[in-house]
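Asker: all I have is the shape, not the residue letters:
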């Protein structure tokens, strides 16, 4: 819905995945020097499938979406729905808005209408209203389920008009490009269930990429859309950014370190570590060393094991990122909501570390164990935030 009146349609309620209530103490992690062991933290569940698409998209920031041509195939949506998404993107392009706005708009329409032009026939009495489905929420109409104050019945059922009205309100939100998608969408829609938008961000990014030539991988730098350059606090349209500058040294599960479930990014001690995407902090603490001691304020090698000072964050889509070997206690606390690019700590050498660096992991399906870990290099590249020095 989109009005200052809150609505309570059950179709919009968020299905919150059950996270483990207790985050128990970790066993030692032998992660960043030679013999590696599994990081056995409390499991959050989920399967171990890897949805990362190995086929890299061509990133073309100036690609114009075609609203009349053939639509790509997505199992989640049909041709008519994707054509509506294409119209939403085209309006954003015509308004010269950056791709991040397109992702927010498409994700919002996914939640509000399933990308269908919905109408409630009771709104206009006996007048026949053309639509792609029957709406369920009072006088809300169209892709964004806009209420009467947004325009006439005919206007709200025009996808281009509805998209333009959404964008006009979005750009009036302070700092909208840096806000989590859920927050930005909620400032426009005023939904009774604001957290529902987040679950659509990943698929909305993929749809924008498919319809607009990899646009979700771009970042705005000096007024230009630049491909694959999200770092240093700059956020790609996908909502992701590289956690620190620097090149990848030790890689993911290499032949000599098959249990190395992340990558090591070299950086000077004190380098700011940024959240790779908006999310909620699950863990922020000292990981015990291999003797069970909490001694993260001393550099690790050769006397320590474990992750040192570290943070785990949960992101939309069930992704978890992990940041190890911080120099001191993290800047964030469990339960805290953090924006993409926000500083969460500084590079150090605590835990099982032979020198200052960030050990960075990505996990799927809310699974914080080694079973859920995937290679961060292709994962981050596909989101327009490649790790420097990575092939």
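Answerer: Sure thing, it's come through. Since this is a predicted model, take the numbers as computed values, not measurements.
Asker: residue contacts, residue 204?
Answerer: 103-104, 106-107, 110 (CB atoms under 8 Å, 6 or more residues apart in numbering). For the C-beta atoms, the positions are set from N, CA and C on the backbone; glycine is no exception.
Asker: work out for me the element it sits within.
Answerer: helix 201-211 (DSSP states H and E).
Asker: any idea of the mean pLDDT for that helix?
Answerer: Mean pLDDT, computed over helix 201-211, is 95.
Asker: pull out the buried positions in the next helix or strand after it.
Answerer: In the C-terminal direction, the helix or strand that comes right after helix 201-211 (DSSP H and E) is strand 218-221. For strand 218-221, burial by neighbour count (16 or more other CB atoms under 10 Å) applies to 218-220.
Asker: please report which of the contacts of residue 204 has the highest neighbour count.
Answerer: Within the contacts of residue 204, residue 104 tops the neighbour count with 33 neighbours, counted by other CB atoms under 10 Å.
Asker: and that one, that's in a helix?
Answerer: Yes. Using DSSP: H, G, I helix; E, B strand; the rest coil, the secondary structure at residue 104 is a helix.
Asker: tell me the buried residues in the helix holding residue 204?
Answerer: 201-211.
Asker: tell me, how many residues neighbour residue 222?
Answerer: 5.
Asker: got the phi/psi numbers for it?
Answerer: Note on residue 222: backbone dihedrals following degrees, to the nearest 10 are phi 50, psi 40.
Asker: any regions of the stretch 1-150 of the chain where pLDDT drops low?
Answerer: 1-58, 60-61, 120-138 (pLDDT under 70).
Asker: ok, 50 please
Answerer: 3-31, 33-56, 124-127, 131-136 (pLDDT under 50).
Asker: this structure: helices as residue ranges?
Answerer: For the chain, applying DSSP state H gives helices covering 79-94, 99-113, 153-156, 159-170, 181-189, 201-211, 376-381.
Asker: would you map the strands across the chain?
Answerer: Applying DSSP state E to the chain gives strands spanning 118-119, 133-134, 218-221, 224-227, 263-266, 272-274, 279-286, 309-315, 319-326, 337-338, 343-346, 357-363, 373-374.
Asker: so which of those gets nearest residue 190?
Answerer: Closest approach to residue 190 among the strands of the chain (CB to CB): strand 118-119, 18.1 Å.
Asker: could you find the closest non-adjacent residue to residue 165?
Answerer: residue 150 (5.4 Å; CB to CB, 6 or more residues apart in numbering).
Asker: please apply the same query to residue 336.
Answerer: Residue 336 sits nearest to residue 281 (CB to CB, 6+ apart), 4.6 Å away.
Asker: got the contact list for that neighbour?
Answerer: Residue 281 neighbours (CB under 8 Å, 6+ apart): 311-313, 332-338, 344.
Asker: try residue 161
Answerer: 151, 155.
Asker: surely residue 339 meets residue 275?
Answerer: Yes. With contacts counted by CB atoms under 8 Å, residue 339 reaches residue 275, the gap being 6.8 Å.
Asker: which one's more surrounded, those two?
Answerer: Using other CB under 10 Å, the more surrounded residue of residue 339 and residue 275 is residue 275, with 24 against 18.
Asker: hmm, that one is touching residue 336, no?
Answerer: No. Look at residue 275 against residue 336 with CB under 8 Å: they stay out of range, at 10.3 Å.
Asker: anything in contact with each of the two?
Answerer: With CB under 8 Å, 6+ apart as the test, residue 275 and residue 336 reach no residue in common.
Asker: how much space between residue 307 and residue 287?
Answerer: Plainly put, residue 307 is 4 Å away from residue 287 if you go by CB to CB, to the nearest Å.
Asker: check residue 159 too.
Answerer: 50 Å.
Asker: for stretch 267-284, what is the distance to the chain centroid?
Answerer: 15 Å (CA atoms, centre = their mean, to the nearest Å).
Asker: which residues does the closest residue to residue 164 other than its chain neighbours contact?
Answerer: Of all residues not flanking residue 164 in the chain, residue 91 sits nearest, at 5.3 Å (CB to CB, 6+ apart). Counting by CB under 8 Å, 6+ apart, residue 91 touches 160, 163-164, 167.
Asker: kindly report the same for residue 234.
Answerer: Taking CB under 8 Å, 6+ apart as the test, what residue 234 contacts is 219-221, 241, 341.
Asker: so which of those is the closest to residue 364?
Answerer: residue 241 (19.1 Å).
Asker: that closest one reaches residue 385, doesn't it?
Answerer: Yes. Residue 241 lies in contact with residue 385 (CB under 8 Å); the separation is 5.0 Å.
Asker: now do the shared contacts for these two.
Answerer: Joint contacts of residue 241 and residue 385 (CB under 8 Å, 6+ apart) are 230-231, 276.
Asker: dump those to a markdown table, plus pLDDT, distance to residue 378 and neighbour count.
Answerer: Converted to a markdown table, the shared contacts of residue 241 and residue 385 look like this (pLDDT from 0 to 100; distance: CB to CB, whole Å; neighbours: other CB atoms under 10 Å):
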| residue | pLDDT | distance to residue 378 | neighbour count |
| --- | --- | --- | --- |
| 230 | 93 | 15 | 29 |
| 231 | 92 | 17 | 22 |
| 276 | 97 | 14 | 30 |
